[in-house]
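S.K.: Output the structure for:
(chains A and B)
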Amino acid sequence: AQSVTQPDIHITVSEGASLELRCNYSYGATPYLFWYVQSPGQGLQLLLKYFSGDTLVQGIKGFEAEFKRSQSSFNLRKPSVHWSDAAEYFCAVMNYGGSQGNLIFGKGTKLSVKP
Amino acid sequence: NAGVTQTPKFQVLKTGQSMTLQCAQDMNHNSMYWYRQDPGMGLRLIYYSASEGTTDKGEVPNGYNVSRLNKREFSLRLESAAPSQTSVYFCASSQGYVGTSGNTIYFGEGSWLTVV
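M.R.: Numbering: from 1, shown residues only, chains lettered A, B, ... in the order given. Next comes the predicted model:
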């Protein structure tokens, strides 16, 4: 069965610093991968997704993610963090073995941004 | 841009009470979903509806029922609420099968439910 691991529960970075949020998945074939962001009290917003093709995926708000099959990873990056990026970030993988549309979510990484 | 709209946003229930969470989408999507989010657990699928007229269980369906009223609306019902159902509930929708290039799930803003 597929699974998603986000090793970091909470990360704090300074405004203007670079950011990398880690995501590891478990799946034998090429997975469909997603990153969502959730601001406090809000729903989840799709940042980017990977289905196939170019392994470096560009998303909204200046985020990008790189799919690395050899490392089973799909890490999210941003070169310069803004205070408004403070939120919780969820990595997800499409679950092929379960019900349709069943995304398996990681437990999330909460990002705090220092002034 | 309304997208996916859920009501109510906040609700407090007593154990044993019933209630229905309403969800509507205006994107003409075929598939709709109900998730719950608990601290440290990510999101888990409760029920989904692949298309109008069909519903199926997800990962954690016990204690819930759903109705796909029409293409736009998908409601979630708690018949006899329990404290374990205290959670944040998210409705979501997608054009079709998630996994087909271009099809992704869009989420509502959530409904905070507390059962005391």
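
S.K.: Mind checking if the lowest-mean-pLDDT helix or strand in chain A is in reach of chain B?
M.R.: Ranked by mean pLDDT, DSSP states H and E, the weakest helix or strand in chain A is strand A:103-105, scoring a mean of 86. Yes - residues of strand A:103-105 contacting chain B under Cβ under 8 Å from any Cβ of the partner chain: A:L103, A:I104, A:F105. To be clear about C-beta, it is placed using only N, CA and C from the backbone, and glycine gets the same treatment.

S.K.: Closest one of those residues to B:N70?
M.R.: A:L103 (24.5 Å; Cβ to Cβ).

S.K.: Quick check, that closest one in contact with A:C91.
M.R.: No - checked against Cβ atoms under 8 Å, the pair A:L103 and A:C91 is beyond contact range at 9.9 Å.

S.K.: Touching both of these two, which residues are there?
M.R.: By Cβ atoms under 8 Å, 6 or more residues apart in numbering or on different chains, A:L103 and A:C91 have these common neighbours: A:F34.

S.K.: Tell me the buried residues in stretch A:23-43?
M.R.: A:23-25, A:27, A:31-38, A:43 (16 or more other Cβ atoms under 10 Å in any protein chain shown).

S.K.: Name the nearest residue to the residue in chain A positioned nearest to chain B, sequence neighbours excluded.
M.R.: Nearest to chain B, among the residues of chain A, is A:F105, at 3.5 Å (Cβ to the nearest Cβ). Spatial nearest neighbour of A:F105, excluding adjacent residues (Cβ to Cβ, 6 or more residues apart in numbering or on different chains): B:G42 at 3.5 Å.

S.K.: Now do the same for the one you found: its pLDDT.
M.R.: On the pLDDT scale, B:G42 is placed at 82.

S.K.: ok, which stretches of chain A are strands?
M.R.: Using DSSP state E, the strands assigned to chain A run over residues A:3-5, A:10-14, A:19-21, A:24-26, A:33-38, A:44-50, A:56-58, A:64-68, A:73-78, A:87-94, A:103-105, A:109-114.

S.K.: quick check, distance from stretch A:37-52 to the centre of its chain.
M.R.: How far stretch A:37-52 lies from its chain's middle: 8 Å, per Cα atoms, centre = their mean, to the nearest Å.

S.K.: I'd say B:C91 and B:S31 touch.
M.R.: No - using Cβ under 8 Å, B:C91 is not in contact with B:S31, being 11.6 Å away.

S.K.: more crowded one of these two?
M.R.: The residue with more neighbours, out of B:C91 and B:S31, is B:C91; 28 against 24, by other Cβ atoms under 10 Å in any protein chain shown.

S.K.: before we move on, back to that, what is the neighbour count of the residue of chain A closest to chain B?
M.R.: A:F105, neighbours per other Cβ under 10 Å, totals 23.
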